[in-house]
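Chemist: Build me a model:
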Amino acid sequence: EVQLVESGGGLVQAGGNLRLSCEASGFRVDDYAIGWFRQVPGQERVGTSCINAGSPGRTWYADSVKGRFTISRDNARNVVYLQMNNLKPEDTALYYCNADSGLRHYWGQGTQVTVSS
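Modeler: Residues are numbered from 1 along each chain as shown. Now for the predicted structure:
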């Protein structure tokens, strides 16, 4: 069964750090482009970062998170991480990971990140 499970969200003060995990089962994370998206109620889901399939996986970051967020992949554990540093209140959202092979794509259920000012 193909599954993506996010974890690591929580409540943190502005300036704090969190590390999100996206654990995959049923496929290899290095065979897919894995992205982290976030969504605020009433707004569209937007991408924050992505790591391409293969090695080394090229990375991409939205301007809003560049320099603060780092996406990485542990092929042995089949997990993709999002290290989020210097968090801001505007980073508050439900964070999802997405796996895309070009033919198939999958979503996790999301993990909530709340940053207090």
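
Chemist: The closest residue to residue 45 other than its chain neighbours: what's it in contact with?
Modeler: In space, and not counting its chain neighbours, residue 45 is closest to residue 39: 4.1 Å by C-beta to C-beta, 6 or more residues apart in numbering. The C-beta positions use only the backbone N, C-alpha and C, and glycine is treated the same way. By C-beta atoms under 8 Å, 6 or more residues apart in numbering, the contact set of residue 39 is 45-46, 93-94, 96, 110.

Chemist: same thing but at 10 Å, please
Modeler: Going by C-beta atoms under 10 Å, 6 or more residues apart in numbering, residue 39 touches 45-46, 93-96, 110.

Chemist: Ok, residue 58 next?
Modeler: 33, 50-52.

Chemist: If we use 6 Å, what do you get?
Modeler: For residue 58, the contacting residues are residue 52, by C-beta atoms under 6 Å, 6 or more residues apart in numbering.

Chemist: I'd like the distance between it and residue 50.
Modeler: The gap separating residue 58 from residue 50 is 9 Å, by C-beta to C-beta, to the nearest Å.

Chemist: before we move on, what about residue 70?
Modeler: Distance, residue 70 to residue 50, by C-beta to C-beta: 12 Å.

Chemist: Given the helix or strand of the chain with the lowest mean pLDDT, what are its sheet partners and their directions?
Modeler: Least confident helix or strand, the chain: strand 105-107 with a mean of 94, by mean pLDDT, DSSP states H and E. Here strand 105-107 is paired, per DSSP bridges, with strand 93-100 (antiparallel).

Chemist: ok, and what's touching the partner strand?
Modeler: Applying C-beta under 6 Å, 6+ apart, the external contacts of strand 93-100 come out as 4, 6, 20, 22, 32-40, 106-108, 110-113.

Chemist: Since that was my last question, I'll sign off now.
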